[in-house]
Structure formats: structure tokens, C-alpha cells
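Engineer: What would the 3D arrangement of this be:
(2 chains)
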Amino acid sequence: MDVQYVYTKKRSEFGRPCFFVDEGPKLMENIMPNREFHNGYIFKNPVNRSTQCSSVLAEHEVNTIRAQYDQRGMNHTEGGWPREVNPTDEEQTLRFKKKIEKDEMYVHTVLQLTHAMEHCILQNNAINIYEEYFEDVESATLMERCSARTLNVYRDPNKVKRPVTHLSWSPDGGTRLAVSHCNLEFQRRSPDLSTFSYIWEVENPNKPQLILKPSVPIVCLEYNPKDVNCLVSGMFSGQVAFWDVRKGSTPVDMSILEPSHRDPVYSVLWINSKSGTEFFSSSTDGQVKWWDTRKLNEPSETLILDIVKGEEQILSRALGASCLEYEGTIPTRFMVGTENGCVISCNRKGKTPAEKIVSKYTAHVGPVYALQRNPSFVKNFLTIGDWMARIWSEDCKESSIMWTCNHQAQLTDGAWSPTRSSVFFTTRMDGSLDAWDILRNQKEAVISVKVCDYQLSNLRVHDQGQLVAVGNNMGTSYLAEFSENLAATQRNDKVLLTAMLDREGRREKILEARNREIRLRQRTKIADNSHRDILERETLNKPSLISDPAVQNAEKEFFTVIEMELAALKAETEASEQDEEYGIKPEVASSEETGRKKNRFLKDEFEGANFEEEDCDEDQDVEGDDFKQQ
Amino acid sequence: MASEVEETMKRIQSHKGVVGTIVVNSEGIPIKTTMDNTTTVQYAGLISQLSDKARSVVRDLDPTNDLTFLRIRSRKHEIMVAPDKEFILIVIQNPTE
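Structural biologist: Reported below is the predicted structural model:
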């Protein structure tokens, strides 16, 4: 049956656009069903038909012959005996040996060999060719230039990088580094952000040795200094957890929420105890808690950092703690660095809470990020906060005995070198790591390395003193190695450093005493003039900058100089105008002018300096006069 | 002739610091020794292998060359090996310390 529709079209109409027109349906052909065809079909029921929509795969089996490997040691036994000689039979072996000895070849060879051998033996006896010269003389300390270089980089294996919050070296000579990652920014945590922290083997930066998988991220992590397998961590939720490396990736035990801290635990440290299982933690909620790893369901002791000496410690008045310090050799004392910049020295053995808090030092403008006692001079400690590092002596409570200048970027962490007592390291927010040696240069760092472009958040010095691990905000940790001269102690170090610290301490004490005197004097002055007007009292209390006679003198001088210069300038401009009129070399005049201008600038600077200083020495005034008379 | 050999060996043994002397043949059998059997057997086996290896190294680097003497200095003593085609003379000495 052929259904066709034929239409004709003129040739000229080809290629023209088609104009379609709506038309109603037209019945072309109607084929009615034929009932007779039905008889030609056989009914088939049921019909099994399977379909599948998938790629076509082929299955092949291959079996390779496995090579079997076996470890074997080699056992040396006598070999080489000819077949007729039985090695175990002594008589036969002896006979064999005797036979060889009689051989002409043997005699000749042995005599030859012994000749050479004797030469060497006598040589050995004559001189020790591997002698160490000057062994008893100590190696002289070379004045080498300090250098530093990055050895290894450990990156956060996650896709989303979290900042490094804490680093800890393992106590077995530091073959492993524990790094904790946590995003501490407020409300930055998302549920899919990984909570993992890592333990890296120093030699292998490609893959962490162990991944710690807690339920909440770890903020700080510390190895037990007595046991290389145990770690304790403070978590983001305020809990603390105890880990054992042998156990695996989950904590052995974790404290429950209620008795734990209410804020992330920023610092956790092990204590020297007989059982070796005690540690304490601090957090920005203002509490310091002592725990025992065997019983983590509640702390063994709690201290609220409320420094207002009252009957009770109130949590709402407490200062948040940002870092802790504990020195194993002074087991009952510890120090806490707070968020508002105070350092509180505490005694664990105090009976009342008031007794526990021994003294307070106002250290920095912002939170104290790091606090550490000098390993050889435990009375002195280092604090890091805001833009500078300060060194304190326990005796001087009013101010630090030494401090660095203000840096461009904020300091984030710092530590003493465990081997060299005058060296300490600091990290900055602009990604630099500085090494300071206070015996060499107090004004600036001995060496400053730019480790990365991101903010460095943490620092930990290796036990041997040459390696330093730093972590940054992008979750990457760097291992930096410093040159020998920053790690090896010199003979005079201790003596010189003791002298320096003593001297600085004494200076501070003198200043303290002087300040106290001044304050006392002012207070008595106020007491005497209590009848006077309030305003007048205030002016007395103001620092007497304006009434200082030396300052007034300087002012007078300054104004006279200015007036003189103004007069001179007027005269010059008149003179130069005249010169130009007459065509006299204006270059000479201009050089004179610029020379004089230069002098004027210098003088201004000088006078300005004079003015700013409170105590103007007579000498400086005389120098100013000399300058003017030039 | 044999007595000469004996004398020479005794003389070597009497030098200052000498711990022991061994003569080993090319098959690793110790012919003459001044030390106990187990030590001798150990030295014989290990040193002959090492000496062969050393010789092959020297000859590989330069086929015209040959190993004349091998000295192994360790913390405790020095092992001196004088190799030959047929025999190897091994002397263990404590150098002057």
C-alpha cells in the first residue's frame, strides 16, 4: 500500500519562502482493521522478556604466577673442602692442610704476601693515621653569620585549610611533631569542616604519621614530656582529652561538658607529678582547672582568675586566660597570661583563692600570647603580646627589665632557646620568624626570616635548639633550621647573661624606687595644698613640662633663631634680586642659599630636638650656639 | 722452606697490636691460623668474598689494574688483607691508640 501525496509546483516558484497556512485536518486514507488477519496469530502467554540498560562489559579471568619470597640468613660454614675430605673429621682436614703447606706455590706466595703485610703493620704501629689533632683544645667559636633556612613544609591535607593553633615536639629527641588545627574565628566553623589534627614524622612531610580524629577540633595539644606515647589536648568545646598514640586515632578519654571550660581551652600543660598523669588547662572563660588523666569526668581542682581580692572568686569578674606557663623545676608555682595583658603569678599551694594569686604584672596592651621562663634563669621570663616582646624579672613588678622595640606587625608567639640561654625566637603576623640574642644586640633581631606570606601563629623550638617549627594561618607548618651559633652555648654565655639581667633588674628597681618617691612627693604636695582651688591642684599634678626652666630657655632660643633666620632670608632674597639684575653668577648665590637653607633645616631639627627633651643639658645648648655661629 | 714460612708467620704475630693471622686458600679453607676455629671460619668466609668483590671492582674500573692490598679500618681494629691468585693472607691488628 502506498500512501503518497503528489503536488505540482512551478519551477519559478522553487526557492521561494514557504508560507504556511492553517488548514484543517484532511483525511488522506483510512485503513480499516481486517478481522481475518486475527486468525493467523497464535496467542503466547506468558512472555518472558528481559531488558537492561547498561554498558556492555566483558569478564576475563587472569591468574599470574606469584613469586614466593622468603627471608633467609646466610650461615657461614666452612666450605670448599674437596670431596674426599670430610670437614668434620679433624684428622683428614689436618692432613689436607699439611699437604697444602708443603706445596711450593704456598711457600712462595706466603713469603711474598707477608712482605707487604709487614710493611703495613709497621706503618700502623709507627703512626696513627686517623689521629685527631688538637682534641684537647676546645673548638674556637667562629664568628659566623647567622643563617636560617626552611627544611620541611607540612601542609594541612584537607582541602579547606584551617589555621595551625598549636605545635608540640615529641619528647624522644623530637622525631615527631604534633600539630593541631582549628578555626578559632567566631562562627566560622561549618559542620563539614574537618576536626582532624595530625602527628607528623619530621622526615616525612608528605603524609602525616597519625591522624587524630576527635569529635570537636583540638585547640592545643601537648606531648607528655615523660612518655612519648601520651598526649593531652584542649578542645574547642572546652573539654580536654587524653590520647595514646598506640591506641589509634580516637581519644582514650575525654572530659564531659559540664565540669569543663566554657570557652575553648587555649592552653594545656603537663605537671610534674609522681604518677605522671596530671595536667592543667586554662581558657578564656577565666578558669584554670587541674585534671588527672585517669579520671577525666571532673577536674581535681579549679581556680577562678578573679584578681579582685574579695571573699569569693566570682566568675563574671575573672580575666580570661590566654596562655599558661609551668616550669618543671618549680612545681608549685605557675603563671597565667591573660587576655587583657596582665601576667598573674600563682601558687598552687595557697589555701585560699586570694593566697593562690601571688602577684600581677601589667605586661601588654593586648592579650599575652606567650609566656615562658628562661630555662637557665628561672626568675626571668619572656612575654609576647601586642607589638613587642618583653623580658621580666620576678622581683620587678612594675615594668619589664628589657623589651624590644615596637614592630610593624603584631607578635604572635615566642619562646626561649632550650640550649642557648640568651637566644629567643618570635613570630610575627607578617609571616616572619625572628631570632634574638640579647647578648649580641638588644635593639633588633639577630636574624629575621620571612617564612611565608601569611600570618604565623605558632612557634615551637626543638629540644636541640637548632630547629624551630612554626605554623601559619593557612594550616601549613614549616620547619626552620638556624645556624650553629644560635644553638650552641658559649662558655661565657651564662656569666654575661647573669650580669646583664642583674644590671637591668637593678636599673628597673632604681627607677621603681624613684617613681615611688615622686608619687609620694606629689601626694604630700596635694595633702599640703588641699585648701587651694581644684584647678590649681590639677596643674600641679600635670607633668611640669611647661614650668621647667630649661625648657623655657630652649623656647626662648628657638624663637630668637627663627626670627634671625627670617631676617636673613629677607636680606638674601633682596640680595639675589639685586644680583640677577646685575647678572652676577646666580649659581654661587643659589648654592650659598641652599647651603644656608640646609644649615637652617639642621638647626631647626636640632632646636626641635632640644625642645622635645625634658632635660636639656647645658652641653646641647652650647652646641646649638656653635651651629648658629657658623 | 716450610720452616721459613713458620718463622715469618711467628714474626708477624709478634708485632705490636697484632691480634691474629690467617692464611686462606682460594676456596675459602683456612690453611693456617693463630685464632680459634669459629672466628677463623667466619673471617675466612667473609673476607674472601669481600676480597673477590674488591678485586672485581678494581678490575672493572680499569682492566689493566689489579688489587694489591685491602685495609678495613673499624673502630675496634684494622683488618689487613693481602690477596693473591691462590691464597689470601689476613691479619687483624689493633692500631696504635
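Engineer: So A:Tyr7, which state does it fall into?
Structural biologist: Secondary structure, DSSP: H, G, I helix; E, B strand; the rest coil: A:Tyr7 is coil.
Engineer: Check what pLDDT it gets.
Structural biologist: Looking at A:Tyr7, its pLDDT reads 85.
Engineer: burial of it, as a residue count?
Structural biologist: 4 (other CB atoms under 10 Å in any protein chain shown). For glycine as for every other residue, the C-beta is placed from the backbone atoms N, C-alpha and C.
Engineer: can you check the one 5 residues further on too?
Structural biologist: Residue crowding around A:Ser12 was assessed by other CB under 10 Å; the count is 7.
Engineer: same thing with A:Ser483?
Structural biologist: Using other CB under 10 Å, A:Ser483 has 17 neighbouring residues.
Engineer: show me the contacts for the nearest residue to it once chain neighbours are set aside.
Structural biologist: Using CB to CB, 6 or more residues apart in numbering or on different chains and skipping the chain neighbours, the partner closest in space to A:Ser483 is A:Ser147 (4.5 Å). The contact partners of A:Ser147, by CB atoms under 8 Å, 6 or more residues apart in numbering or on different chains, come to A:447, A:482-483.
Engineer: same thing but at 10 Å, please
Structural biologist: Counting by CB atoms under 10 Å, 6 or more residues apart in numbering or on different chains, A:Ser147 makes contact with A:447, A:449, A:481-486.
Engineer: Give me the subset of those that lies in helices.
Structural biologist: Judged by DSSP state H, the contacts of A:Ser147 include no members of helices.
Engineer: which of those residues lies closest to chain B?
Structural biologist: A:Glu484 (26.0 Å; CB to the nearest CB).
Engineer: Backbone dihedrals for the nearest residue to A:Val423 once chain neighbours are set aside, both of them.
Structural biologist: Ranked by CB to CB, 6+ apart and with sequence neighbours excluded, the top spatial neighbour of A:Val423 is A:Ser417, at 4.0 Å. Note on A:Ser417: its backbone torsions stand at phi -80, psi 130 [degrees, to the nearest 10].
Engineer: since we're on A:Glu61, how many residues are nearby?
Structural biologist: 4.
Engineer: Could you do the one 4 residues further on as well?
Structural biologist: Taking other CB under 10 Å as the neighbour definition, A:Ile65 ends up with a count of 5.
Engineer: Distance-wise, check it relative to chain B.
Structural biologist: The spacing between A:Ile65 and chain B, counted by CB to the nearest CB, to the nearest Å, is 32 Å.
Engineer: Could I get the full set of strands for chain B?
Structural biologist: B:18-25, B:30-33, B:70-73, B:78-83, B:87-93 (DSSP state E).
Engineer: The last one: how far from the chain's middle?
Structural biologist: If I follow you right, that is strand B:87-93. Distance of strand B:87-93 from the chain centroid (CA atoms, centre = their mean, to the nearest Å) equals 2 Å.
Engineer: Just the angle for it relative to strand B:78-83, thanks.
Structural biologist: If you take axes from the mean of the first three to the mean of the last three CA atoms, to 10 degrees, strand B:87-93 sits at 170 degrees to strand B:78-83.
Engineer: Pick out the residue of the stretch 301-450 of chain A closest to chain B.
Structural biologist: For the stretch 301-450 of chain A, CB to the nearest CB, closest residue to chain B: A:Thr419, 28.2 Å.
Engineer: Read off the pLDDT value for that residue.
Structural biologist: 85.
Engineer: That one in helix, strand or coil?
Structural biologist: Applying three-state DSSP: A:Thr419 is coil.
Engineer: now swap in A:Ile121 and tell me
Structural biologist: helix.
Engineer: Report the separation between it and chain B.
Structural biologist: 5 Å.
Engineer: Can you check the pLDDT for that residue?
Structural biologist: 86.
Engineer: Would you check that it makes contact with B:His77?
Structural biologist: No - with contacts counted by CB atoms under 10 Å, A:Ile121 stays clear of B:His77, the gap being 12.0 Å.
Engineer: Same drill for these two, tell me which one is more crowded.
Structural biologist: A:Ile121 (21 against 18).
Engineer: Could you find the closest non-adjacent residue to that one?
Structural biologist: Nearest one to A:Ile121, counting by CB to CB, 6+ apart, is B:His15 at 4.9 Å.
Engineer: repeat for B:Ile90
Structural biologist: Sequence neighbours aside, B:Ile22 is the residue nearest to B:Ile90 in space, at 4.4 Å (criterion: CB to CB, 6+ apart).
Engineer: Buried residues, stretch A:277-296. List them.
Structural biologist: Residues A:277-293, A:296 are the ones in stretch A:277-296 that count as buried (16 or more other CB atoms under 10 Å in any protein chain shown).
Engineer: quick revisit: mind putting the contacts of A:Ser147 into CSV with pLDDT?
Structural biologist: Converted to CSV, these look like this (pLDDT from 0 to 100):
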residue, pLDDT
A:Ile447, 85
A:Val449, 85
A:Glu481, 87
A:Phe482, 85
A:Ser483, 82
A:Glu484, 77
A:Asn485, 76
A:Leu486, 76
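Engineer: How many residues are close by B:Glu86?
Structural biologist: The burial count for B:Glu86: 15, using other CB under 10 Å.
Engineer: May I have the residues that are in contact with the residue nearest to it when sequence neighbours are not counted?
Structural biologist: Among residues not flanking B:Glu86 along the chain, B:Ser26 sits closest, at 5.4 Å (CB to CB, 6+ apart). Residues in contact with B:Ser26 (CB under 10 Å, 6+ apart) are A:80, B:48, B:52, B:83-88.
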